[in-house]
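Q: Generate coordinates for the sequence data below:
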Amino acid sequence: MNDKKDRSGYYYDYYDSIFSQALNVYKNEGLFTLIKKILIYIVTDTVLYTVFKINYKVFNRYFEVNGKIYNYFINEHTAVNGERVVEIPFALDFLRKNKYEEKKVLEVGNVLSHYIWFKHTIVDKYERKNYVNNIDIVDFDPNEKYDIIISISTVEHIGYDEPIKENGKSKKAIQKIIDLLDNNGIALITVPLGYNPEIDSIIKNNEIEFSKRYFLKRVSRLNLWRETNMEEAMNYKYNKKYLHANAVAFLIYSKNF
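A: Okay, the predicted model is just below:
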């Protein structure tokens, strides 16, 4: 269980994990080594962030999905060297296009609040915040349906990166999202590919019929992304050849009656 926990980072806050690592270095290697590693980490992180930011601002400002141009998203909170650079701008455009200010919005997995703030319901079993409903999405049973539901790189963890692994739970989570949509509601689910075999199978075998599916692949150490087809995207694995996702799927479900 510890292996899975350390690999995914799903159960504990990012800063708690950093503190635990620092404590281990202090205990095993001493204060001097800890200070040296902290300084190296700060300098390296700052340099990398600066390089990526210059690249996105000057040289490679855009990526494209279905013929539409998006700016890469830049933010110090996990949005420079991972898939958030493409997930967040696509998600924000999705919200704007569907007039989220006038709608009942549910987010599965507390992601967007790290970057922007707007009034909506958030369900996240593990992240402890006073504005987050700490309940498993498959057990979430509100007295209302939602016009818009959004979930960013979350459903691939459900049932897969949990203390008790449960096969089929990722699919149950997606189905629950669909069930929580009101008539004419719409959902966006983004997932990394090559991470959870169950998610890959759902997409590859069309086990859930999404209205639209878009696929992107990472093509550079500078975290540049290009749109591709499902067949090619499925050949990529998480953390190979680059850190984090090397391919992502944007899955849209429209509940039209």
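
Q: for stretch 90-106, how far is the first residue from the last?
A: Start and end residues of stretch 90-106 are separated by 17 Å (Cα to Cα, to the nearest Å).

Q: actually stretch 119-134, not the one I typed
A: Start-to-end, stretch 119-134 (Cα to Cα) is 17 Å.

Q: List the buried residues for that stretch?
A: Residues of stretch 119-134 classed as buried: 120, 121, 122, 123, 124, 125, 126, 127, 132 (neighbour count, 16 or more other Cβ atoms under 10 Å). For glycine as for every other residue, the C-beta is placed from the backbone atoms N, C-alpha and C.

Q: do the same with stretch 93-113
A: Buried positions in stretch 93-113, judged by neighbour count with 16+ other Cβ under 10 Å: 94-95, 98, 100, 103-113.

Q: again, but for stretch 145-155
A: Buried residues in stretch 145-155, defined by neighbour count with 16+ other Cβ under 10 Å: 146, 147, 148, 149, 150, 151, 152, 153, 154, 155.

Q: what's the nearest residue to the first one if we skip its chain neighbours?
A: Spelled out, that is residue 146. Leaving aside its sequence neighbours, residue 146 sits nearest to residue 106 (Cβ to Cβ, 6 or more residues apart in numbering; 4.3 Å).

Q: secondary structure class for residue 163?
A: At residue 163 the chain is in coil, as set by DSSP: H, G, I helix; E, B strand; the rest coil.

Q: Which residue is the nearest non-sequential neighbour of residue 63?
A: For residue 63, ignoring the flanking residues on the chain, the nearest one in space by Cβ to Cβ, 6+ apart is residue 225 at 4.9 Å.

Q: for residue 105, same thing?
A: Nearest residue to residue 105, sequence neighbours excluded (Cβ to Cβ, 6+ apart): residue 120, at 3.8 Å.

Q: Quick check: residue 149 is in a strand.
A: Yes: applying three-state DSSP, one finds residue 149 inside a strand.

Q: so it makes contact with residue 176?
A: No: contact criterion Cβ atoms under 8 Å: residue 149 and residue 176 do not qualify, at 9.7 Å.

Q: quick one: contacts for the residue nearest to residue 105?
A: Residue 120 makes contacts with 100, 105, 106, 107, as judged by Cβ atoms under 8 Å, 6 or more residues apart in numbering.
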